[in-house]
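Chemist: just a sequence and a predicted model for now, questions to come.
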Amino acid sequence: MTLIAIVLLLSVALIFSPLGLGGGVLYVPILHYLLDWEMQEALTGSLSLILMVALGSSFAHSKSGYADNKVSNIGRITAIPAAIIGTILSGILIDLVGDIVIKILATMIIVYVIERTITKMRTETVEIEKQIDISEKKQQYQFGTAFAGLSSGLLGIGGGAILVTLNRSLLKMDAHKAAGTSYLIVLTIVPVALLSHILLDGVTGDIYDKIGLLGIIIIPTLVLLCSYFGAKYAIKNISKNMVTIVFLCAISVSLIRYTIDFIQ
């Protein structure tokens with residue numbers, strides 16, 4: 001089961017790297033359900049892997065010119081403090097009502113992202129939209145990035161699903177640029193959320209006992225390499241429409257898994 005989980009973790013990094021997603025919507029279920037990690041451990045482990053995906057993928061997108069630094073700098077202003085608040089809320093909610101609240105919130109976010117993405121695809125079939133300057137939508141954008149930061153700390157995700165949807169729906173970016181800009185913001189959200197979890201949850205020692213020093217070094221390194229080469233290949237060889245379709249399929253898998261858990 002451990003080997004299967006490792007293959008799945010690397011596959012998520014490879015597939016998600018061109019999408020603007022860190023893979024947290026699948027990393028958490030893999031660590032929680034397949035490896036039987038406690039939810040707090042799964043959140044911390046997920047954020048560690050998301051950071052590697054964001055590093056590799058952002059480098060590949062930036063080199064290809066698919067990242068907007070101006071937009072990302074504006075988004076980070078509200079995303080970073082919101083990530084800290086989300087981490088604090090995560091610990092409080094899990095202690096009070098258990099991890100079911102985390103799963104419910106994650107499901108709600110996934111449903112919203114799917115709806116927004118499908119709506120965006122339908123719009124693009126009618127007309128080609130020009131990207132909107134961030135100055136016209138600054139307040140709305142920062143509200144959205146704050147929600148992404150809050151979700152990152154609360155749910156152990158990078159917030160990429162929210163950020164990509166925000167970039168595409170609000171600023172009318174194409175799929176590749178929306179992904180690259182998302183990763184730039186994720187690169188500042190995730191370290192804050194990860195550090196907050198490490199300091200507040202106290203599960204680092206438990207994770208070390210489960211996978212050891214080699215696991216802590218080797219698995220994130222492999223995830224980093226998979227994300228870089230996956231994004232680099234996809235940017236050159238996969239169409240923007242196909243990236244959007246894969247994006248929908250990827251987050252739908254996580255929705256199905258959470259739904260099964262609710263039924264059981």
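Modeler: All right, it came through fine.

Chemist: following element in sequence after the strand or helix carrying R116, please.
Modeler: Secondary structure from DSSP states H and E places R116 in helix 100-126. Per DSSP H and E, the first helix or strand lying C-terminal to helix 100-126 is helix 138-155.

Chemist: other SSEs contacting that following helix?
Modeler: Contact analysis of helix 138-155 by 3 or more CB pairs under 8 Å, 6 or more residues apart in numbering; DSSP states H and E lists helix 24-29, helix 69-97, helix 100-126, helix 160-169, helix 175-201 as its packing neighbours. Yep, even glycine has a C-beta here, placed from its N, CA and C like the rest.

Chemist: could you tell me the least trusted of the ones you listed?
Modeler: Set side by side, these give their lowest mean pLDDT on helix 100-126, at a mean of 71.

Chemist: now for it, which elements pack on it?
Modeler: Using 3+ CB pairs under 8 Å, 6+ apart as the contact definition, the elements that helix 100-126 packs against are helix 24-29, helix 69-97, helix 138-155, helix 160-169, helix 240-263.

Chemist: next one: the second one to chain centre, how far?
Modeler: Okay, so that is helix 69-97. What separates the centre of helix 69-97 from the centre of its chain is 13 Å, taken as CA atoms, centre = their mean, to the nearest Å.

Chemist: next, the angle helix 175-201 makes with that helix.
Modeler: Using axes from the mean of the first three to the mean of the last three CA atoms, to 10 degrees, the direction of helix 69-97 lies 40 degrees away from that of helix 175-201.

Chemist: quick one: helix 69-97 to helix 100-126, angle?
Modeler: Using the same axes, to 10 degrees: helix 69-97 against helix 100-126 is 150 degrees.
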